[in-house]
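Participant: coords please:
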Amino acid sequence: MRRILLGIALLLGTFTVFAQDASELINQAQEALTAKDYAKAFALYESAMSNLGDVQVDDAINFNIGFAAFQADKYDAAVKYFDKAIAADANTATAKEYKANALAKMDKTDEAIAAYKDAIAVSEDPGSLNYNAGIVSYKGKMYADAAEFFAAADAAGYNSENAIYYQAMALRKLDKDAEYKAVLVVGAEKFPSNDKITGALANVYVGEGNDLYKKGVEILNGANAQVTAGTITTTDEAYTKAVSDSKVEFQAAYDILEKALKLDAGNSNAQKLIDACKTVL
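Facilitator: Predicted structure coming up:
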């Protein structure tokens, strides 16, 4: 009987030690977190949480543990603790944001995008969230999502220059040429010194100018082929009209290529096409 009582007393004493240890470990973890020693803080938190005993902790501690884990590059653990914080409604908006970032760090694109959307829905300032979600979507080749996120980031005024550029690039990946151009036009008006935006728009204009130039060449070559075949002469009205029609195309090409050069003075393709237009105008 004495052995049983001693055994029970020892067992109770062990629980007391665990409780004291857990409380001290949490205090040490908090100190490490304040000192930005995140790996140490996370290890201490983990050790404490596995041996809490009768120590009572606030649910908000899960956010702290998740934050320490995130900063220590332990992203799986970070997601686990942020989920616990979210479930306890402890610092929910920020927990959702960090959860999304952690999933993105693990290249879990689909889960990260869903988490970003969840975070955006409760955020009071979602600009950066939309931008980060756009980056993750773009890298994951989810271009439709990327275009929407970057548009929202720009609308919120967050990193608008890059948001507009990457929105345009996402639309280009989707072969939405008209929308791609429209976004670049807006971007060039808002940020005329941004070489990436203006250069991209200049290349759009070069492509359009080249198409118009080729139409003019096609019309003129067709008329000259008829002259060579003897079906018309250069004094015929048909030939005169063909030359006039070709010049309409060449002039339209010239005008749009001038816009390209205004945006990108060093665009050699624009300059070559302008010179070609000049020879026939």
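Participant: distance check, the closest residue to Glu111 other than its chain neighbours against Ala202.
Facilitator: Among residues not flanking Glu111 along the chain, Leu103 sits closest, at 4.8 Å (C-beta to C-beta, 6 or more residues apart in numbering). Backbone N, C-alpha and C define where each C-beta goes, glycine included. Distance of Leu103 to Ala202, computed by C-beta to C-beta, to the nearest Å: 38 Å.
Participant: touching, the residue nearest to Glu111 and Lys117? I think so.
Facilitator: No: between Leu103 and Lys117 there is no contact under C-beta atoms under 8 Å: 11.9 Å.
Participant: buried residues in stretch 112-122, which are they?
Facilitator: Ala112, Ile113, Ala115, Tyr116, Lys117, Asp118, Ala119, Ile120 (16 or more other C-beta atoms under 10 Å).
Participant: cool, and stretch 199-209?
Facilitator: Gly199, Ala200, Leu201, Ala202, Asn203, Val204, Tyr205, Val206, Glu208, Gly209.
Participant: again, but for stretch 215-230
Facilitator: Quick answer for stretch 215-230 (16+ other C-beta under 10 Å): Lys215, Gly216, Val217, Ile219, Leu220, Ala223, Gln226.
Participant: can you check stretch 186-198 too?
Facilitator: Quick answer for stretch 186-198 (16+ other C-beta under 10 Å): Val186, Gly187, Ala188, Phe191, Asn194, Lys196, Ile197, Thr198.
Participant: among the residues you listed, which one lies nearest to Ala43?
Facilitator: Lys196 (43.7 Å; C-beta to C-beta).
Participant: next one, pLDDT for the nearest residue to the closest one once chain neighbours are set aside please.
Facilitator: With C-beta to C-beta, 6+ apart as the criterion, Lys196 has its nearest non-adjacent residue at 5.2 Å, and that residue is Tyr165. The model reports Tyr165 with a pLDDT of 98.
Participant: likewise for the one 3 residues further on?
Facilitator: In the predicted model, Ala168 carries a pLDDT score of 98.
Participant: now swap in Lys214 and tell me
Facilitator: 98.
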